[in-house]
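In: Here is the input, now give the coordinates:
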Amino acid sequence: MFIAGNFLSALAGVLNWVLWAYMWIIIIRALLSWVNPDPWNPIVQFLNRVTEPVLAPLRRRLPTWQWGIDFSPLVAILAIYFIQRFVVGSIMDLAWRIR
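Out: The predicted model follows:
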């Protein structure tokens, strides 16, 4: 059973790393939105394409505040943090129990 435990441990590690990287991509996009970057820049286009599938549904569900502040990146980061703590932690605990 140690093979299944090692597999789940590796899966949890990779998932944790992917979520961590995606969280930083969202943070970079939020910071870039403050300076109004060139929309034709390939890096900006990449950031928009990667984060828009997550941020657009959140933007539709969140109320619009009177100052025009977009809280969708903050909600997405909190959701990623929750997934890291709950899902990745649960997979890691299961991996240790299987070993």
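
In: now the helices for the chain?
Out: 2-33, 42-61, 72-83, 89-98 (DSSP state H).

In: how about those in a markdown table, adding mean neighbour count?
Out: From N, CA and C alone the C-beta is placed, and that goes for glycine too. Listed next are the helices of the chain as a markdown table, based on neighbours: other Cβ atoms under 10 Å:
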| stretch | mean neighbour count |
| --- | --- |
| helix 2-33 | 15 |
| helix 42-61 | 13 |
| helix 72-83 | 16 |
| helix 89-98 | 14 |
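
In: Mind putting those helices into TSV with mean pLDDT?
Out: Output for those, formatted as TSV (pLDDT from 0 to 100):
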stretch	mean pLDDT
helix 2-33	95
helix 42-61	94
helix 72-83	96
helix 89-98	94
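
In: Give me the local confidence score for V35.
Out: On pLDDT, V35 comes in at 92.

In: Phi first, then psi, for P39.
Out: phi -70, psi -10 (degrees, to the nearest 10).
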